[in-house]
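> Mind folding the following:
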Amino acid sequence: MRTPEQFVKELHVINPNVAVIGEYTKAVEPVSVKCLVCGKEWSPKAYSLLQGKGCPSCSAHKGARNNKGKTGLKDTDHLKKELKEVDSSIEIIGPYVNGHSNIKCSCIRCGHVWEAKPYSLLQGHGCPRCAKSGTSFMEQAILLSFQSVLKDEVLSRDRKTIGMELDIYIPSLKFAVEVGNWFLHQRSIKRDKEKRIRCQEQGIRLVTVYDKYPKGKEPLFQEGFYSFEEDLNKADHRIIRELISELFGMVQIRHELTDVEWSQIEQKAYEQAKSMTHEIFIQRMSKTHPTIEVHGKYQNNNRRIDVRCSVCGFTWKGVPASLLSGDGCRKCGTKKAHKDFIKNQNDFEAEVRGKNPDIEVIGRYVGRHSPVEVRCKICGFEWAPRASSVLRGSTHKGSVGMHQKLKKRNDLKGKENDRRKTSIQSSGSSMAGNAGT
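Predicted coordinates:
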């Protein structure tokens with residue numbers, strides 16, 4: 001078994017520009033190393049270093065310089081310029097290494113700082129907090145409903161009271177509401193429990209609301225806990241409205257939201273919860289689908305919006321997230337797929353000559369699964385098989401026996417011709433000899 005000292009010595013010979021900064025355990029385990037050229041630190045499998053694999057950053061720069069101009073060597077300024085055209089809400093705050101090395105960036109809208117791969121950012125993947133609706137429709141609806149009655153008494157995302165963030169907090173009532181999606185919060189149960197303990201210590205009544213909660217699962221908390229199987233950001237909003245009415249009752253608020261009030265709250269909640277503005281959505285759509293016109297008002301990534309294809313005129317209600325992921329006009333897509341699939345007559349005949357040279361196309365090609373008239377070049381037999389079978393190399397029924405008989409007949413005919421030719425030549429020679437005598 002190789003010792004850490006032996007590994008360092010071997011690595012120095014094979015990869016002199018790579019220094020070990022972590023602890024070597026065995027060849028198949030990762031080990032922390034540093035590039036002595038550019039200073040990059042990474043943790044590859046130890047055996048890969050002994051196989052000669054070096055710094056990924058230096059390798060990427062070298063590849064970009066030696067690829068004969070196919071993709072120029074990108075720098076931070078170049079990335080910022082490209083990203084601005086894709087998503088102007090993201091600010092690059094770290095140095096660019098290569099397309100697959102994480103770079104630090106910040107969201108202009110919410111201030112969130114995270115690391116992402118440059119190629120991912122250029123594909124349209126934005127702020128993870130905004131993507132998860134850092135503030136959801138459900139949270140905004142509850143917040144705005146309380147603010148419609150209590151005005152400025154209601155705080156959003158308060159971090160001072162218990163030293164941890166509370167989604168909605170009303171100091172005068174010592175009442176707080178935590179709203180979340182179970183799929184996301186199940187990874188932070190310990191934190192949610194800690195919030196509840198701190199609220200109890202300060203005499204604050206905390207209510208926790210989870211949507212997309214598994215059916216039949218035991219309640220996470222015995223008191224002040226609401227769970228719903230539905231995704232309340234997409235489901236019927238009457239459920240949220242009923243929940244708000246119940247929360248009002250818990251703190252003795254004697255107010256029933258009117259239909260007009262709820263309509264205003266609903267619209268504003270959409271505006272404040274969405275992860276991008278209508279203008280940004282239009283901008284991103286113009287890059288992703290320049291032939292699709294947006295006729296509706298963007299509200300959030302999952303709420304359908306009216307769009308129209310400027311090529312064929314087809315209109316439909318598309319899901320923004322799907323549109324930005326590349327889903328386009330299905331009518332144009334079907335037409336293009338059909339066009340790409342169907343070959344023209346010349347292309348089909350050329351493909352037959354390459355894959356089935358003993359077959360001659362004598363009829364009109366209609367489609368891959370339609371019959372087409374062909375002739376066997378060997379025996380002259382004509383039939384109409386499916387075009388796809390001809391392209392697979394198939395020939396006519398009984399061709400093997402028929403071609404063998406034909407070959408045998410041709411061989412016999414050839415031998416007979418050779419015999420006659422030889423006989424004629426012999427006769428000619430004899431006649432010439434007699435004439436000389």
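> What segments of the stretch 51-200 of the chain are helices?
For the stretch 51-200 of the chain, helices defined by DSSP state H, counting those that start in this stretch occupy the ranges 56-66, 76-86, 118-122, 128-131, 137-150, 182-185, 189-201.
> quick one: buried residues of the fifth one?
Right, helix 137-150. 137, 138, 139, 140, 141, 142, 143, 144, 145, 146, 147, 148 (16 or more other Cβ atoms under 10 Å). Where you see a C-beta, it was placed from the backbone N, CA and C, and this is true even at glycine.
> which residues are in contact with it?
Helix 137-150 is contacted by residues 154, 156, 167-168, 170, 172, 177, 179, 209, 211, 232-233, 237, 240, 243-244, 247-248, 253, 255, 257, 261, 265-266, 268-270, 272-273, 300 when judged by Cβ atoms under 8 Å, 6 or more residues apart in numbering.
> Let's see that with 6 Å instead.
By Cβ atoms under 6 Å, 6 or more residues apart in numbering, the list of residues contacting helix 137-150 from outside reads 154, 156, 167-168, 177, 179, 232-233, 240, 244, 253, 255, 265, 268-269, 272-273.
> Which single one of the buried residues of helix 137-150 is nearest to residue 402?
Residue 402 lies nearest to residue 137 out of these, by Cβ to Cβ, at 73.8 Å.
> that older thread, would you show me how to pick out the buried ones of the contacts of helix 137-150 in PyMOL?
To isolate the buried ones among the contacts of helix 137-150 in PyMOL, judged by 16+ other Cβ under 10 Å, type:
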select buried, resi 154+156+167+168+177+179+232+233+240+244+253+265+268+269+273
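> can you count the residues close to residue 197?
Residue 197 has 10 neighbouring residues, counting by other Cβ atoms under 10 Å.
> hang on, I meant residue 113
13.
> can you check residue 80 too?
Residues within reach of residue 80, counting by other Cβ under 10 Å, total 14.
> Kindly provide the whole-number mean pLDDT of stretch 16-27.
Stretch 16-27 carries an average pLDDT of 89.
> should've said stretch 91-100
85.
> Do me a favour and get the end-to-end distance for that stretch?
Using Cα to Cα, to the nearest Å, the span of stretch 91-100 from its first residue to its last is 18 Å.
> In that stretch, which residues are buried?
Buried residues in stretch 91-100 (16+ other Cβ under 10 Å): 92, 96, 97, 98, 99.
> Which of those residues sits closest to residue 22?
residue 97 (20.0 Å).
> tell me the contacts of that closest one?
residue 57.
> Please report the distance of it from residue 75.
According to Cβ to Cβ, to the nearest Å, residue 97 stands 10 Å off from residue 75.
> picking up where we left off before, which one of the helices of the stretch 51-200 of the chain lies nearest to residue 289?
Distance to residue 289, taken as Cβ to Cβ, is lowest for helix 76-86 among the helices of the stretch 51-200 of the chain, at 13.8 Å.
> Tell me the helices and strands packed up against that closest one.
Applying 3 or more Cβ pairs under 6 Å, 6 or more residues apart in numbering; DSSP states H and E, one finds that helix 76-86 contacts helix 118-122.
> Now do the helix it packs on: everything it contacts.
79, 82, 83, 86, 99, 103.
> Let me see the contact set for the first one.
Read it as residue 79. Here residue 79 is in contact with 96, 118 (criterion: Cβ under 6 Å, 6+ apart).
> what do you get for the third one?
By Cβ under 6 Å, 6+ apart, residue 83 lies in contact with 90, 121.
> so what pLDDT did it get?
85.
> Please apply the same query to the last one.
Turning to residue 103, the model gives it a pLDDT of 90.
> That one - how many residues pack around it?
21.
> Might one say that it is in contact with residue 93?
No. Contact status for residue 103 versus residue 93: not in contact, 8.6 Å apart, counting by Cβ atoms under 6 Å.
> ok, back up a step: what about the buried residues of stretch 91-100, which are in strands?
If you go by DSSP state E, these have residue 92 in strands.
> between the buried residues of stretch 91-100, which is nearest residue 35?
residue 97 (10.8 Å).
> phi, psi of that closest one?
Main-chain dihedrals, residue 97, degrees, to the nearest 10: phi -110, psi -60.
> ok, it to residue 189 distance?
In terms of Cβ to Cβ, residue 97 sits 36 Å off from residue 189.
> thinking again about what came up before, from the buried residues of helix 137-150, which is closest to residue 290?
Checking those against residue 290 by Cβ to Cβ gives residue 137 as the nearest, at 30.0 Å.
> Now do the strand or helix carrying residue 286 against helix 76-86, angle only.
Using DSSP states H and E, residue 286 maps to helix 278-288. Comparing the axes of helix 278-288 and helix 76-86 via axes from the mean of the first three to the mean of the last three Cα atoms, to 10 degrees yields an angle of 110 degrees.
> buried residues in helix 278-288?
Neighbour counts over helix 278-288 (16+ other Cβ under 10 Å) mark 280, 281, 283, 284, 285, 288 as buried.
> Output those in CSV; the columns should cover pLDDT.
Compiled in CSV, the buried residues of helix 278-288 are given as follows (pLDDT from 0 to 100):
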residue, pLDDT
280, 70
281, 79
283, 76
284, 74
285, 85
288, 80
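> Using a markdown table, lay out those residues together with distance to residue 201.
Output for those, formatted as a markdown table (distance: Cβ to Cβ, whole Å):
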| residue | distance to residue 201 |
| --- | --- |
| 280 | 42 |
| 281 | 44 |
| 283 | 48 |
| 284 | 46 |
| 285 | 49 |
| 288 | 50 |
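> circling back: among the buried residues of helix 137-150, which one has the lowest pLDDT?
residue 137 (82).
> any idea how far that residue is from residue 266?
The spacing between residue 137 and residue 266, counted by Cβ to Cβ, is 8 Å.
> Surely residue 305 touches residue 297?
No. At 7.2 Å, residue 305 and residue 297 do not qualify as touching, with contact defined as Cβ under 6 Å.
> Looking at these two, which is more packed in?
residue 305 (20 against 13).
> Which strand residues bridge that one?
For residue 305, the beta-bridge partners under DSSP bridges are residue 318.
> So in the chain, where's the weakest helix or strand by average pLDDT?
helix 128-131 (a mean of 62; mean pLDDT, DSSP states H and E).
> what helix or strand is residue 209 on?
Assigned by DSSP H and E, residue 209 falls in strand 205-211.
> no no, residue 411
Using DSSP H and E, residue 411 falls in helix 399-436.
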